[in-house]
Each structure stands twice: as structure tokens, then as C-alpha cells.
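sequence first, then the predicted structure, then my questions.
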Amino acid sequence: MKVSRPAAVRAVIDVPPDKSISHRALIFNAIADGAAVIEGILDSEDVRSTARCLAALGVPIEWPEGSSAARVTGQGLHGLFESDDVLDCGNSGTTMRLLLGLLAGHPLLSVLTGDASLRSRPMARVIQPLREMGAALMARKGDTLAPVVVKGGRLRGIRYASPVASAQVKSAILLAGLYAEGETAVTEPGRSRDHTERMLAAMGAPIEAEGAAVRIRPAERLAALSLRVPGDISSAAPWLVLAACHPDAEIVLRGVNVNPTRTGLLDILRAMGADLELLEERETGGEPVADIAVRSSSLRATTVSGELVPRAIDELPLVALAACFADGTTVVRDAAELRVKESDRVRTVVETLSRMGADIRELEDGFEVRGPVRLSGARLSGRGDHRIGMLAAIAGSLADGETTVSDDAVAVSYRSFWEHLAQAAPGGVAAR
């Protein structure tokens with residue numbers, strides 16, 4: 001796709017539904033009693049991977065192609081069947097890690113795999129605590145890489161201090177805790193997104209959260225939960241940065257999830273001086289929702305570290321782009337987790353923006369960006385990583401000259417991304 005900077009940016013955008021909530025609504029309702037309708041579910045490759053894996057485990061899911069609603073007929077806590085084939089999680093780490101936690105509590109033999117990217121991502125962080133609970137798991141490369149074989153059974157509750165703030169790790173352990181004897185407790189170094197805690201509580205699970213600690217006890221049953229999935233703030237992020245950095249821009253994003261465990265980017269942009277505001281604040285399915293208005297802004301440098309990082313982990317590549325338009329030196333630290341995403345996002349962010357003339361330096365656990373600079377169009381690859389693909393496209397929409405983006409992979413999480421970019425930046429997007 002070819003991208004260039006438009007004269008002005010104006011748009012009202014309904015961003016795709018939240019991917020994290022879409023995954024969890026499918027998985028949790030699969031083991032609930034009764035049927036649930038998930039409206040506004042994200043129709044992306046990652047979420048479809050979750051649906052296909054659950055169907056292979058015997059869960060009836062009605063979700064026609066192109067539909068924004070899925071009906072899940074829950075099989076109860078102990079109603080899954082052993083799949084007669086390998087469970088293909090595609091590119092989705094959420095699918096694999098949460099299903100490992102779920103299957104740890106079932107007396108079934110399962111093999112989970114995925115694409116080349118997923119097979120290179122770390123699984124030991126989930127395998128280790130599930131083994132401590134009593135599940136049998138095996139994987140490649142010293143039990144670190146998929147494919148992963150899991151044979152579930154009787155589990156015991158544990159108290160686990162996670163070395164990383166990861167909602168996927170936490171959620172896997174909590175799902176296993178639904179089936180474990182006694183109480184299971186997870187403590188993180190920083191509070192990660194809490195969609196699992198909110199949704200399980202709404203379904204009747206005995207779960208309690210306090211700060212960065214969560215406790216769960218075995219459940220007798222979960223009640224099916226119908227809900228409407230709010231907009232994904234990770235999908236709102238490209239538009240927030242585009243509007244804040246473009247000299248003549250105003251974008252309104254409707255119905256976005258503003259759960260405080262996910263809004264690190266909003267706090268970062270506010271610290272940088274961005275002109276943004278929340279409108280029509282409300283609640284949907286236990287999650288806070290708002291419309292977000294953002295306009296052209298004069299940005300200043302900031303430092304991102306500590307507890308702010310897990311609240312903005314998927315948006316940090318775009319923070320690097322915003323830093324190119326900010327006065328001073330922006331530093332992102334404590335973000336080594338970026339290196340084990342779909343790509344090494346520290347390195348790919350630095351390489352991508354460097355090709356456009358950014359003054360950016362790679363750090364062991366993040367990056368340092370000096371601004372402001374004028375970016376120049378370049379030939380860029382998304383490296384098969386949807387976040388890097390969107391970064392490249394937005395950077396091209398802010399740069400001098402023309403940018404060509406290949407291997408963008410944006411359909412993994414945002415199928416209408418290019419359509420929305422063409423809407424927001426008329427004349428700035430051309431087909432390959």
C-alpha cells in the first residue's frame with residue numbers, strides 16, 4: 001500500500017471491537033451453563049482462531065463469516081471433548097496461552113500450535129506455573145516454544161508471583177484455578193489488563209482482586225454472559241497519534257473501552273501535551289466506555305517506565321512515532337516485553353522509524369527518541385506484525401513524500417484499517 005501525508009485529517013471512526021474481550025467472551029462462555037450472544041465481536045483472524053479451537057473441543061459456536069455477533073452454547077465447566085486434531089492458534093498468543101490454562105484442568109490430551117511467529121514466542125512463562133499446579137505439559141526447545149502438548153487433570157491451587165506483568169499469563173493461571181483444589185493467587189510486578197477478572201466475576205466466579213494481586217477459588221458453575229464488546233483502545237491508538245501529530249487534524253473515536261488498566265496511551269499523550277478529551281462516558285458489560293476526541297497538538301517529550309508500561313504495551317510503537325514530533329528526548333524503559341511479541345518490537349520500531357530519518361536509539365528494554373524531526377517517506381515492511389504494519393502506515397501519513405508499506409498483517413486485528421485510513425486521510429492512501 002502507498003501512503004502520503006494528506007493536507008488535513010478529519011474523521012469520526014468506530015474502531016473495531018476489543019480483541020482481548022472478544023477472546024475472553026468466547027472462551028469463558030464456552031465453559032458456562034447456557035447460551036450467550038456476543039454482539040460486536042471482533043471479526044479478525046486472531047479471534048477466529050479462538051473460535052475454531054473451541055469448536056474443535058466440542059463447543060457449538062454460530063458465527064457466520066462477516067457477522068458481528070456470535071452465539072456460544074456453553075458446555076459447562078467439565079463439558080469439553082478431546083479434539084481429534086491439533087489445535088491451530090494461528091498468530092494468536094492469547095488463544096494459545098489462555099487455552100493452555102483452560103485445558104490444564106481437563107483430563108484431555110491436546111496439542112496446540114500456531115504460525116511461525118507464534119511458534120517463536122515464549123511459552124515457558126505459562127508452562128511453569130501450570131506444571132506447579134499439577135498439569136503435564138511439554139514443548140520444544142526446553143519447554144519454551146510451541147507446539148505445546150498438555151494433558152490436564154487434578155490441579156492444586158498455588159500462590160504465584162509472576163516475573164512479568166502479563167494478562168495472558170495471569171489469565172491462564174486463573175482459568176486453571178477454576179479447576180484447582182484450594183485457592184489460587186497471582187501477583188504481578190505491575191497491574192496488567194483486568195478483563196479476565198471483570199468478566200469472570202460477572203459470570204459468578206469466586207474471584208477477588210486487590211491491586212496487582214488476584215485470588216480465585218474453584219467454581220461450581222459459570223453463568224452464560226451475553227454482552228456487547230466495546231471498541232478496542234489498541235485499535236484507537238493509530239488515530240490518536242495521527243491526529244495529535246498532524247498539523248491540521250481532528251478525529252472522534254466512538255465507543256472506545258477506557259478500562260484504566262488499558263489507557264496508558266491516553267496518560268502518555270496527556271503528559272506529552274496532546275489535545276484530547278473523553279466524551280459521553282458510560283459503562284457497557286462491566287467495562288467503562290467513552291468517545292475520544294483528539295486534535296492537532298504541540299507535543300513535548302516524556303518518560304515512560306514502570307507501571308505505565310503494561311498499561312500501554314501494545315501502543316508503545318506508536319509512542320515512538322509521537323516522540324518524533326515532540327520537543328526533547330522521549331525515553332521508554334522497562335519494556336523488554338516488546339521483544340517477545342509478534343516481532344522484536346524494540347528492534348523493528350527502531351529500524352522502521354530510522355529508515356524514515358527518525359533520531360531513535362535502541363535500548364535493552366525500550367528506546368530513546370529525540371525530536372522533533374521531519375520524517376521522509378520510505379519503503380517499509382510490517383514484518384508480518386500488525387502493530388508494526390499500522391505504525392508504518394501512520395508514519396507514512398505524517399512523512400514528507402511517499403511511503404510504501406508491505407507485509408502489513410493489519411487484518412490480524414483490524415480488517416478495516418486501510419479503509420479507515422483512507423477515510424481519515426483523503427488522498428493519502430493508494431492501492432499497491
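It's in.

so which residues of the stretch 101-250 of the chain form helices?
124-132, 140-143, 167-177, 195-202, 233-245 (DSSP state H, counting those that start in this stretch).

need the ones you listed in a markdown table with mean neighbour count, distance to residue 379 and mean pLDDT, can you?
C-betas here are computed from N, CA, C, even on glycine. Below are the helices of the stretch 101-250 of the chain laid out as a markdown table (neighbours: other C-beta atoms under 10 Å; distance: least, C-beta to C-beta, whole Å; pLDDT from 0 to 100):
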| stretch | mean neighbour count | distance to residue 379 | mean pLDDT |
| --- | --- | --- | --- |
| helix 124-132 | 20 | 36 | 97 |
| helix 140-143 | 11 | 34 | 92 |
| helix 167-177 | 27 | 33 | 97 |
| helix 195-202 | 22 | 37 | 95 |
| helix 233-245 | 27 | 20 | 97 |
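
who wins for proximity to residue 290 among these?
Closest approach to residue 290 among those (C-beta to C-beta): helix 233-245, 10.0 Å.

mind putting the helices of the stretch 101-250 of the chain in a markdown table, distance to residue 376 included?
As requested, those are exported to a markdown table (distance: least, C-beta to C-beta, whole Å):
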| stretch | distance to residue 376 |
| --- | --- |
| helix 124-132 | 39 |
| helix 140-143 | 40 |
| helix 167-177 | 37 |
| helix 195-202 | 39 |
| helix 233-245 | 15 |
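
pLDDT below threshold where in the stretch 301-432 of the chain?
Counting by pLDDT under 70, the stretch 301-432 of the chain has low-confidence residues at 430-432.

strands of that one, start to end?
Counting by DSSP state E, counting those that start in this stretch, the stretch 301-432 of the chain has strands at residues 303-304, 326-332, 359-363, 366-371, 379-381, 402-406, 429-430.

and those strands as a markdown table, adding mean neighbour count?
Below are the strands of the stretch 301-432 of the chain laid out as a markdown table (neighbours: other C-beta atoms under 10 Å):
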| stretch | mean neighbour count |
| --- | --- |
| strand 303-304 | 20 |
| strand 326-332 | 20 |
| strand 359-363 | 16 |
| strand 366-371 | 22 |
| strand 379-381 | 18 |
| strand 402-406 | 20 |
| strand 429-430 | 17 |
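
can I get those strands in a markdown table including distance to residue 3?
What follows is the strands of the stretch 301-432 of the chain, written out as a markdown table (distance: least, C-beta to C-beta, whole Å):
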| stretch | distance to residue 3 |
| --- | --- |
| strand 303-304 | 26 |
| strand 326-332 | 22 |
| strand 359-363 | 20 |
| strand 366-371 | 21 |
| strand 379-381 | 9 |
| strand 402-406 | 5 |
| strand 429-430 | 6 |
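
out of the ones you listed, which is closest to residue 320?
strand 366-371 (5.5 Å).

so what does the closest one touch, helix or strand wise?
On a contact count with 3 or more C-beta pairs under 8 Å, 6 or more residues apart in numbering; DSSP states H and E, strand 366-371 meets helix 316-323, strand 326-332, helix 345-355, strand 359-363.

next one: that strand to chain centre, how far?
Mean-position distance between strand 366-371 and its chain equals 23 Å (C-alpha atoms, centre = their mean, to the nearest Å).

chain center to stretch 3-18: distance?
Taking mean C-alpha positions (C-alpha atoms, centre = their mean), stretch 3-18 and its chain are 20 Å apart.

pull out the buried positions in that stretch.
Neighbour counts over stretch 3-18 (16 or more other C-beta atoms under 10 Å) mark 3, 4, 5, 6, 9, 11, 13, 15, 16, 17, 18 as buried.

stretch 338-358 now?
For stretch 338-358, a neighbour-count test (16+ other C-beta under 10 Å) marks 338-346, 348-353, 355-358 as buried.

C-alpha coordinates for that stretch, PDB please?
What follows is stretch 338-358, C-alpha atoms only, in PDB (Å, rounded to 0.1, in the frame of the first residue of the first chain):
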ATOM      1  CA  LEU A 338       8.200  -5.800  23.500                       C
ATOM      2  CA  ARG A 339      11.000  -8.100  22.300                       C
ATOM      3  CA  VAL A 340       8.800 -11.200  22.500                       C
ATOM      4  CA  LYS A 341       5.700 -10.100  20.600                       C
ATOM      5  CA  GLU A 342       4.900 -11.000  17.000                       C
ATOM      6  CA  SER A 343       8.300  -9.400  16.200                       C
ATOM      7  CA  ASP A 344      11.000  -8.000  18.400                       C
ATOM      8  CA  ARG A 345       9.200  -4.700  18.600                       C
ATOM      9  CA  VAL A 346      12.100  -2.800  20.100                       C
ATOM     10  CA  ARG A 347      14.200  -3.600  17.100                       C
ATOM     11  CA  THR A 348      11.500  -3.300  14.400                       C
ATOM     12  CA  VAL A 349      10.300   0.100  15.800                       C
ATOM     13  CA  VAL A 350      13.900   1.400  15.700                       C
ATOM     14  CA  GLU A 351      14.600   0.100  12.300                       C
ATOM     15  CA  THR A 352      11.300   1.200  10.800                       C
ATOM     16  CA  LEU A 353      11.500   4.800  12.100                       C
ATOM     17  CA  SER A 354      15.200   5.100  11.400                       C
ATOM     18  CA  ARG A 355      14.500   4.400   7.700                       C
ATOM     19  CA  MET A 356      12.400   7.500   7.700                       C
ATOM     20  CA  GLY A 357      15.000   9.700   9.300                       C
ATOM     21  CA  ALA A 358      14.000   9.500  13.000                       C
END
